[in-house]
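Student: have a look at this prediction, sequence included:
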Amino acid sequence: MPPDAAATVPRETMRIEALTRPVASASARAAPACAMVIFGATGDLTRRKLMPALGHLAAAGSLPERFAALGLGRRPWTPEEFRAHMERGVRELSQGGGWDALAPCLDYLSGDLGDAGTYRRLGDRLAELDHERGLQGNRLFYLAVPPGEIAPIVHGLRAGGLIQPPGAPSFTRVIIEKPFGRDLASARALNALVADVMDESQTFRIDHYLGKETVQNILVLRFANSIFEPLWNREHVDYVEICAAETDGVGTRGKFYEQTGVLRDIVQNHLLEVLTLAAMEPPTTQGADDVRGEKLKVARALRQPWSDTIEREVVLGQYRGYRNEPDVAPDSVTPTFAALRVFVDNWRWQGVPFYLRAGKRLARRVTEISVHLQPIPLCLFGREEVCERIDPNVLTIRIQPDEGVQLTFASKIPGHDLAVGTVKMDMRYTEAFGGDPPEAYERLLLDAMRGDPTLFSHRDAVEASWAWITPILAHYEQHPPADFPNYDPASWGPDCARRLIHRDGHEWRSL
Ligand code: BG6
């Protein structure tokens, strides 16, 4: 083999198989009878996510035996019209179907969310459903509405006598969609309002990322294996990348997105949830309080960039064409891309940069965490060109698509001379377990019905993440970026995002 063979040898893949058979979780238990009331039932989330998830659960026989889903919205639809709209969503988006099993459970009520009469009629309809279907008075209210509409609903539920205290014979639980508030002050106000009306144990702040199989697997990978944890610290980890790239633009959600932008839509919640899971200490048990307690410590340890360093640590972008999307201002300064360098100021992670990247209209849809291990301290393999080919190990957790885990390492390339190449061990969910993992909302809806809050955000954690990001939001509200739009669709964001990581001697992992 010629001396520079290593430079020309393609990277090899070594595949590993799952050696385990799926074992049902010991905690799996049937969901109790209940009525699920969906506020915002005519919206995008209900059609695209909630209904297909309910359809899958119905098809799998996982919905409670006695169950009703009551949509509530302003549109004056009849229950038949509601079902017709939902049927389209379930058939288009739910591979597993389930419509026939779900359809008889669906009902609809139209009403203004600020009108006390709506809640009286809702109470009456729920009492009828209890009677007809034996739902035992159990209620799951799902607030699939923007943050500004939460307060009137919570007030309406209380005034309508629809919230039972914890410990009552029937349960009342309220699921609230993200973003929970729009900055620290509004999140605190919302938490105070909610706490005034119900107990924290009844409040389920949803971030659907926590329901993704691959996100749940972060804990299993870290704490059900002994090989990773000893390396999971500043001694061995050089840096960590967390990326959530989407190819879609904002589509028909321009109105929502103009109020939100990528920092509120993805970074404050999805990316910080993933970061805290990846960086947390081992919890004492897998119970909700222990897991959420450890995540909270990480959220509180995030280093706040000083106001004069924010633009060094945070790069924002907006794709060309965003300003022409429906309901978007022609001079909008809403960011659709963000890259951030974040430090976790604790003993384990001191000095290790976490690079976060999220954006719309990027080159590929991919969400993943890459843990880059330190380079080897000394190369024993003589020639410089061989040593240069020894890439540091990278452990990648592919959250979506092509869900899996991959580890790269150096290997001798077979031959008479010494040549080194990078190979990878690759676990793919589809190959290891057969089929795609279930949709996040399925697991979360079931957990809420069963009363398990582990995969939902606690009020303290939500406030901690807003406390970290609010000064960044405030800075850019006062100093809107002057170069928007600054990246082409199907690219990897603005050029300055590369500089953010490059100046530390790293590159974004090519995706
Ligand atoms: C939602 C955001 O929370 O997550 C959307 O509001 C985004 O803007 C979506 O597209 C991404 O979710 P997923 O599961 O497709 O990664």
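Tutor: It's in. All of these numbers come straight from a predicted model, not from anything done at the bench. Residues are numbered from 1 along each chain as shown.
Student: stretch 369-378 and the ligand in contact?
Tutor: No - using CB under 6 Å from any ligand atom, we find that stretch 369-378 stays clear of the ligand, coming within 13.6 Å at best. (Glycine included, C-beta is placed from N, CA and C.)
Student: just the element for residue 292, please.
Tutor: helix 288-301 (DSSP states H and E).
Student: contacting residues around the closest residue to residue 394 other than its chain neighbours?
Tutor: What sits nearest to residue 394 in space, not counting adjacent residues and going by CB to CB, 6 or more residues apart in numbering, is residue 408, at 4.9 Å. Residues in contact with residue 408 (CB atoms under 8 Å, 6 or more residues apart in numbering) are 391, 393, 394, 396, 422, 423, 424.
Student: turn these into JSON lines, columns for distance to the ligand, neighbour count and secondary structure.
Tutor: JSON lines is the format used below for those (distance: CB to the nearest ligand atom, whole Å; neighbours: other CB atoms under 10 Å; DSSP: H, G, I helix; E, B strand; the rest coil):
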{"residue": "391", "distance to the ligand": "28", "neighbour count": "15", "secondary structure": "coil"}
{"residue": "393", "distance to the ligand": "27", "neighbour count": "20", "secondary structure": "coil"}
{"residue": "394", "distance to the ligand": "22", "neighbour count": "18", "secondary structure": "strand"}
{"residue": "396", "distance to the ligand": "17", "neighbour count": "20", "secondary structure": "strand"}
{"residue": "422", "distance to the ligand": "28", "neighbour count": "19", "secondary structure": "strand"}
{"residue": "423", "distance to the ligand": "29", "neighbour count": "17", "secondary structure": "strand"}
{"residue": "424", "distance to the ligand": "24", "neighbour count": "18", "secondary structure": "strand"}
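Student: residues contacting stretch 125-136, please?
Tutor: Stretch 125-136 is contacted by residues 32-35, 37, 66-68, 70, 107, 109, 137, 139, 162, 169-170 when judged by CB under 8 Å, 6+ apart.
Student: mind giving me the PyMOL select for those residues, buried ones only?
Tutor: Of these, the buried ones can be selected in PyMOL as follows, counting by 16 or more other CB atoms under 10 Å:
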select buried, resi 32+33+34+35+37+66+67+68+70+107+109+137+139+162
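Student: just flag the most distant two among the contacts of stretch 125-136.
Tutor: For those, the maximum inter-member distance is 24.6 Å, found between 109 and 169 (CB to CB).
Student: okay, the residue in the stretch 251-400 of the chain positioned nearest to the ligand: pLDDT?
Tutor: Nearest residue of the stretch 251-400 of the chain to the ligand: residue 265, at 4.8 Å (CB to the nearest ligand atom). Residue 265 is assigned a predicted lDDT (pLDDT) of 96.
Student: between the host helix or strand of residue 466 and helix 288-301, how many degrees?
Tutor: Using DSSP H and E, the element containing residue 466 is helix 459-478. Computed with axes from the mean of the first three to the mean of the last three CA atoms, to 10 degrees, the direction of helix 459-478 lies at 30 degrees from that of helix 288-301.
Student: with adjacent residues omitted, what lies nearest to residue 456?
Tutor: residue 204 (4.5 Å).
Student: helix or strand: which one has that neighbour?
Tutor: strand 203-205.
Student: the helix holding residue 466 - what's its average pLDDT?
Tutor: Mean predicted confidence for helix 459-478 is 96.
Student: name the residues of that helix that are buried.
Tutor: Neighbour count says helix 459-478 has 459-473, 475-476 buried, by 16+ other CB under 10 Å.
Student: same thing with stretch 115-123?
Tutor: Buried, per 16+ other CB under 10 Å, within stretch 115-123: 118, 119, 120, 121, 122.
Student: return only those of those residues found close to the ligand.
Tutor: Applying CB under 6 Å from any ligand atom to the buried residues of stretch 115-123, none is adjacent to the ligand.
Student: surely residue 121 touches residue 108?
Tutor: No - when contacts are counted by CB atoms under 8 Å, residue 121 is not listed as touching residue 108 (11.9 Å).
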